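Participant: coordinates only, sequence not included:
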DNA sequence: CCTCGAATCGGACCGACGGTCCGCTTTGCT
DNA sequence: AGCAAAGCGGACCGTCGGTCCGATTCGAGG
């Protein structure tokens, strides 16, 4: 049978409440009962729908990652633009997605560092980026290079750069893109500087 | 007054027990009472000495980071070797330190992502690496490049590469060093491959 | 060696929170 | 309307981080 109407409503309410609360306070300052109350449901309902804390967080990010997945999907499959340009676009898009959902992404990282399950989205991002890079530099180790780039796109790392070190978001964005360009061209000049940066 | 003898003994016992337990099971599978029992003291003693869970973890890593700090200190101050070589040595040394204490380093990352205090060791590593890089490439943004390199030396990232992806430690080590070399020379050829790698 | 004050110890205790359970309610099909 | 099943929700439980205070141990001075 299809999902009952009240169940669907509650599901959406819980997801929205969780997303909002995590965004406002950060994961470690929101407990399951907060979410239940904010969603206007009982605690049991939250656990039945999402299993546990980890499941809830995964569902929240899955929702916000939907658009990114579709976007990156076409980037890998389509061949209308040169591969190197697609790598850059991929990195820029992923950066924007992570920054736009920083609290939720960090929440997922925290939860999956502990939990048993691996981070499926990270694996997906790596598979796609790796594929893209291999098209540009078939003789390098695209696998490792993708991991190295992805390390610079971790929520925790970007949070550190922006909120602790205090770097402007735009500068970090350009720096990350310069890094991606360096991976493609073998040239690292300009990484982290805006002055010498070619426009994206 | 100096620290009482029994207090010193207990302090050492707690630190040793915590280090061992975290190394064996990972931070999230060891609670404060486990540590107290393993150290042969009461729970209250653990909390009085170290304040809270975060403090205990910090003390444990501070202990294991002692040697690394001294080693990296001389690397920055001494000028007997060319700067580029010192950057490579710095990165290799830090990599080895992190891998040798992976569980404890990850524990610190988990704890300081939540806690109020920042990660002092990470800041120190960045300050030193940044200084070193600036000596080789004064016209680049050494600050950002240091951050980018350090992102590849995070405990969580290395844990992911080695224990989830399954990359051999030696290969990751060479890859990270190749990345460092790329930062210095502007050439990324060979990153992640052993075949084309110059020996360290 | 004995005494005494102070520092330290340790386990009983507390509050918070993740997760479970089961009797009550809602839903939607006939 | 009637009914069975899916869903609901809040009382309840176990665990764990952290606190507290009476008992204990230390070590300086006589």
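Facilitator: Yep, that arrived. What you see is a predicted model, and the numbers here were worked out from it, not measured in a lab.
Participant: what about the host helix or strand of residue A:86, distance to the chain center?
Facilitator: Assigned by DSSP states H and E, residue A:86 falls within helix A:83-100. The gap between the average C-alpha position of helix A:83-100 and the chain average comes to 11 Å, counting by Cα atoms, centre = their mean, to the nearest Å.
Participant: tell me which other helices or strands it touches.
Facilitator: Applying 3 or more Cβ pairs under 8 Å, 6 or more residues apart in numbering or on different chains; DSSP states H and E, one finds that helix A:83-100 makes contact with helix A:53-77, helix A:120-136, helix A:155-159, helix A:169-185. C-beta here means a position set from N, CA and C on the backbone, and glycine is covered the same way.
Participant: DNA strand D is nearest to which of those?
Facilitator: helix A:53-77 (12.3 Å; Cβ to the nearest atom of the strand).
Participant: follow-up on the earlier one: tell me what the helix or strand following the helix holding residue A:86 is packed against?
Facilitator: Sequence-wise, the next helix or strand downstream of helix A:83-100 (DSSP H and E) is helix A:102-114. Other helices and strands packing on helix A:102-114, by 3+ Cβ pairs under 8 Å, 6+ apart, are helix A:5-25, helix A:53-77, helix A:155-159, helix B:102-114.
Participant: between these, which one is closest to residue B:24.
Facilitator: helix B:102-114 (8.0 Å; Cβ to Cβ).
Participant: buried stuff in the closest one?
Facilitator: B:102-113 (16 or more other Cβ atoms under 10 Å in any protein chain shown).
Participant: kindly report the same for stretch A:61-72.
Facilitator: Neighbour count says stretch A:61-72 has A:61, A:63-65, A:68, A:72 buried, by 16+ other Cβ under 10 Å.
Participant: quick one: mean pLDDT for that stretch?
Facilitator: In this model, stretch A:61-72 has an average pLDDT of 96.
Participant: what are the contacting residues of it?
Facilitator: A:15, A:19, A:90, A:93-94, A:97, A:101, A:104-105, A:107-108, A:121, A:124-125, A:128 (Cβ atoms under 8 Å, 6 or more residues apart in numbering or on different chains).
Participant: just the buried subset of the residues you listed, please.
Facilitator: Buried, going by 16+ other Cβ under 10 Å: A:15, A:19, A:90, A:94, A:97, A:101, A:104-105, A:107-108, A:121, A:125, A:128, out of the contacts of stretch A:61-72.
Participant: for residue B:167, which of the helices and strands packed on helix A:83-100 is the nearest?
Facilitator: The nearest among the helices and strands packed on helix A:83-100, by Cβ to Cβ, is helix A:120-136 at 12.0 Å.
Participant: tell me what that closest one is packed against?
Facilitator: Packed next to helix A:120-136, using 3+ Cβ pairs under 8 Å, 6+ apart, are helix A:53-77, helix A:83-100, helix A:142-151, helix A:169-185.
Participant: and the first one, how far out from the chain middle?
Facilitator: Helix A:53-77 has its C-alpha centroid displaced from the chain centroid by 8 Å (Cα atoms, centre = their mean).
Participant: quick check: angle from it to helix A:120-136?
Facilitator: Calculated by axes from the mean of the first three to the mean of the last three Cα atoms, to 10 degrees, helix A:53-77 forms an angle of 20 degrees with helix A:120-136.
Participant: is DNA strand C within reach of helix A:53-77?
Facilitator: Yes - Helix A:53-77 is in contact with DNA strand C by Cβ under 7 Å from any atom of the strand, via A:53-54.
Participant: same check, this time on stretch A:14-31
Facilitator: Yes - interface with DNA strand C: stretch A:14-31 contributes residue A:31 (Cβ under 7 Å from any atom of the strand).
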